[in-house]
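**Q** coordinates for the following, if possible.
(2 chains)
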2 protein chains.
Amino acid sequence: MGKIAFEQNQHPKQKPDQSKLGFGKHFTDHMFIMDYTDGKGWHDARIVPYAPIALEPSSMVFHYGQAVFEGLKAYKTSDNEILLFRPDKNMERLNKSNDRLSIPAIDEEFMIEAIKELVRVDADWIPVEEGTSLYIRPFIIATEPFLGVHASHNYMFIVILSPVGAYYAEGIQPVKINVESHYVRAVRGGMGSAKTAGNYAASLRAQVEAQESGYSQVLWLDGIEKKYIEEVGSMNVFFKVNGEVLTPELNGSILDGVTRNSIIALLKSWNVPVVERRVSIEELFEAHANGTLEEAFGTGTAAVISPIGELNWDDKNIVINEGNIGELSQRLYDTVTGIQRGTLADTLGWTVKVEK
Amino acid sequence: MGKIAFEQNQHPKQKPDQSKLGFGKHFTDHMFIMDYTDGKGWHDARIVPYAPIALEPSSMVFHYGQAVFEGLKAYKTSDNEILLFRPDKNMERLNKSNDRLSIPAIDEEFMIEAIKELVRVDADWIPVEEGTSLYIRPFIIATEPFLGVHASHNYMFIVILSPVGAYYAEGIQPVKINVESHYVRAVRGGMGSAKTAGNYAASLRAQVEAQESGYSQVLWLDGIEKKYIEEVGSMNVFFKVNGEVLTPELNGSILDGVTRNSIIALLKSWNVPVVERRVSIEELFEAHANGTLEEAFGTGTAAVISPIGELNWDDKNIVINEGNIGELSQRLYDTVTGIQRGTLADTLGWTVKVEK
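**A** The predicted model follows:
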């Protein structure tokens, strides 16, 4: 590894209208690539023009799904500084995902430097309008051209960048969520705590069905008893009950979200009681019945905070906080996004400056 | 769909030595490709020279794992006829996998014709040595260049062909299997009954650990109670206990194997009792203790029958049939492979001739 080769894109694209970015549709002029070869390790780190990649049709990623990824964002401050939010957490988790998927570990510090370098190269792509950012997608895929089922001997590590729009173009809208009673996302002993392609594949069918019924996401229950809540869509989930914030503990089948971790740390720093434990769906519906279910929200890199306005569980339907975003949810959203954009003091040391 | 376009490979490869084929390493001169576009359906079916495929790095298959596949074989008989084995079952299952993964259905009859056409084009690649065959790998991948989590709007259906060697180059060798007590392959409500990339990704870590301990595969237990047997490696599994053949029922978390289905049909036609039900690992170890565990074997397209000579479950180890292939296992292997190769009468109507 060590040095990163660089090939300038001679045909830069026109940048999209910052008011119409959406999410994950536009990509910048360059990408980072690094190869892994058994016996040689990770090698040939390079930043090259963004372009299609050519893979053998027998490449193992197409057949046996060895694929892991991360998602984080770069922000441009009003002083024109570039900030990353906790990239160390993403690279640490990437190696945990690698471990579960039998993919060779990457050098976390080197990859943070590589991401910084790529962001520097495409710094002009970072949008500046309110709520926008540059989404960073590092991912690793198995490339050995072989149809036997085993851990691949070859991989590619790729990082691509996508300027993304405000998640809430028209202000934060609480969402309607269906509690999924049939499909299971992941189970203890499975790969639910890894950020790997198969977990998302497993989630699609339930999401399609929920959307057909007018819900924007599903709330997953545990695969064993179908009693305990796990995640909402592809976000972690929090509930404020009687002044206390509850979130499912890291039990091996849910993702150890960077936003989740940050929310917990912020709440603790504010002396708001926050508890990581098993939380049953029944408990939440009972809390709603006795008037103590105060707020509910999902957390993730894309939306930061996604308030839940309505929950449907089989034939039972509840509205949370009259369908509005809660006070604490709003404060968390404002604080995290403020730190990310450099408008609030980074008292917990989370942002990392990309030097020019 | 309808017609299949054809582009001849002008640079055919040299064919590999039939005695050193191995599995899934060599590929023929052509491949089948068909595209799916939302609103247009499957289109542009074509047979083209085998070559790398170029995909956007944001293609959804790399990130969210929407990928399904099948595996079947073509055989050349001593009369130079080409036979496929139950391709209708594979295409039927592919559509079941599509359904679970929210991938659009394919036209099963058209795809059988397309596979026949591709096999005809590369018929010279079908090896003829004892135990060899042409492995056929149809697969579908999500190709929409978009990072949001939803069912892709674009797909590619690809079929590649690989001449494969005798699975048992030195006669059938019973294998040593470790019963997996920690990792879980799939769970009820998950996608275990679909032939999709993520299931294989989920299995790799346990396989690596088993191999490090001297076992060639793992026997999966159910993800709920870790009591009931599911599959062995990427094969279905059968146990002969006191004259009766037991195999796990299709419970939603195991694969509906074509070889499994064929074995059950053959046993029934021979009036050998065969029962599909929940089978606990404890029951099998008890049967061994009282001397009634007579045979054990995995079934799958690659090996057809893979006898199990030894089972390890935590600190308990048992040897089955003195580590030798059982009489019934051998008869099943000889019968299935005989029908596949056209040396035995196809009394159950399983083989499909590829006309020249």
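
**Q** over to the residue in the stretch 51-200 of chain A that chain B sits nearest to: give its phi and psi.
**A** Here the stretch 51-200 of chain A gets closest to chain B at one residue, A:Gly198, 2.1 Å apart by CB to the nearest CB. Quick note: C-beta positions are derived from backbone N, CA and C, even for glycine. In terms of degrees, to the nearest 10, the main-chain angles of A:Gly198 are phi -60, psi -30.

**Q** quick one: contacts for the nearest residue to it once chain neighbours are set aside?
**A** Among residues not flanking A:Gly198 along the chain, B:Gly198 sits closest, at 2.1 Å (CB to CB, 6 or more residues apart in numbering or on different chains). Neighbouring residues of B:Gly198 by CB atoms under 8 Å, 6 or more residues apart in numbering or on different chains: A:Gly65, A:Met191, A:Thr196, A:Ala197, A:Gly198, A:Asn199, A:Ala201, A:Ala202, B:Gly65, B:Ala67, B:Met191.

**Q** what's the pLDDT at the second one?
**A** You'll see A:Met191 listed with a pLDDT of 97.

**Q** that's a helix at it, yeah?
**A** No: applying DSSP: H, G, I helix; E, B strand; the rest coil, one finds A:Met191 to be coil, outside a helix.

**Q** okay, now it: neighbour count?
**A** Residue neighbour count, defined by other CB atoms under 10 Å in any protein chain shown, stands at 29 for A:Met191.

**Q** what number of residues lie near the residue in the stretch 201-350 of chain A that chain B sits nearest to?
**A** Chain B sits closest to A:Ala201 of the stretch 201-350 of chain A, with a gap of 3.6 Å, by CB to the nearest CB. By other CB under 10 Å, 33 other residues sit near A:Ala201.

**Q** what sits closest to it if chain neighbours are left out?
**A** The nearest residue in space to A:Ala201 (CB to CB, 6+ apart) is B:Gly65, at 3.6 Å.

**Q** which residues touch the one you found?
**A** Counted by CB under 8 Å, 6+ apart, B:Gly65 has contacts A:Gly65, A:Ala67, A:Thr196, A:Ala197, A:Gly198, A:Asn199, A:Tyr200, A:Ala201, B:Thr196, B:Ala197, B:Gly198, B:Ala201.

**Q** phi first, then psi, for A:Lys176.
**A** The phi/psi pair for A:Lys176 (degrees, to the nearest 10) is phi -100, psi 130.

**Q** which stretches of chain A have low pLDDT?
**A** The model of chain A has pLDDT under 70 over residues A:1-2, A:169.

**Q** in it, which residue sits furthest out from the middle?
**A** For chain A, the residue at maximal distance from the C-alpha centroid (CA atoms, centre = their mean) is A:Asn290, at 33.6 Å.

**Q** before we move on, the earlier item: restricted to helices, list the contacts of B:Gly65.
**A** Members of the contacts of B:Gly65 lying in helices (criterion: DSSP state H): A:Ala197, A:Gly198, A:Asn199, A:Tyr200, A:Ala201, B:Ala197, B:Gly198, B:Ala201.

**Q** for those residues, which one is nearest A:Pro104?
**A** B:Ala201 (15.0 Å; CB to CB).

**Q** how near is the closest one to A:Ser59?
**A** As for B:Ala201, its distance to A:Ser59 is 14 Å (criterion: CB to CB, to the nearest Å).

**Q** which residues of chain A fall in helices?
**A** Under DSSP H, chain A gives helices at A:60-64, A:87-100, A:108-121, A:197-212, A:258-269, A:281-289, A:327-341.

**Q** please identify the deepest-packed of these.
**A** Stretch with highest mean neighbour count among these: helix A:60-64 (a mean of 29; mean count of other CB atoms under 10 Å in any protein chain shown).

**Q** give me the contact list for it.
**A** So helix A:60-64 is contacted by A:55, A:66-67, A:141-147, A:149, A:152, B:61-62, B:67, B:69, B:137, B:139, B:141, B:197, B:200-201, B:204 (CB under 8 Å, 6+ apart).

**Q** so how far is that helix off the chain centroid?
**A** 23 Å (CA atoms, centre = their mean, to the nearest Å).

**Q** what's the answer for stretch A:234-249, then?
**A** 18 Å.

**Q** may I have that stretch exported as PDB, CA atoms only?
**A** What follows is stretch A:234-249, C-alpha atoms only, in PDB (Å, rounded to 0.1, in the frame of the first residue of the first chain):
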ATOM      1  CA  SER A 234     -31.900   0.100   7.600                       C
ATOM      2  CA  MET A 235     -31.600   2.400  10.700                       C
ATOM      3  CA  ASN A 236     -31.200   1.800  14.400                       C
ATOM      4  CA  VAL A 237     -34.300   2.700  16.500                       C
ATOM      5  CA  PHE A 238     -34.900   4.600  19.800                       C
ATOM      6  CA  PHE A 239     -38.000   5.100  21.900                       C
ATOM      7  CA  LYS A 240     -38.500   7.700  24.600                       C
ATOM      8  CA  VAL A 241     -40.700   6.200  27.300                       C
ATOM      9  CA  ASN A 242     -41.600   8.100  30.400                       C
ATOM     10  CA  GLY A 243     -38.500  10.300  30.200                       C
ATOM     11  CA  GLU A 244     -36.100   7.400  29.500                       C
ATOM     12  CA  VAL A 245     -34.600   6.600  26.100                       C
ATOM     13  CA  LEU A 246     -34.600   2.900  25.200                       C
ATOM     14  CA  THR A 247     -32.800   1.300  22.300                       C
ATOM     15  CA  PRO A 248     -32.100  -2.400  21.500                       C
ATOM     16  CA  GLU A 249     -28.800  -3.600  22.900                       C
END
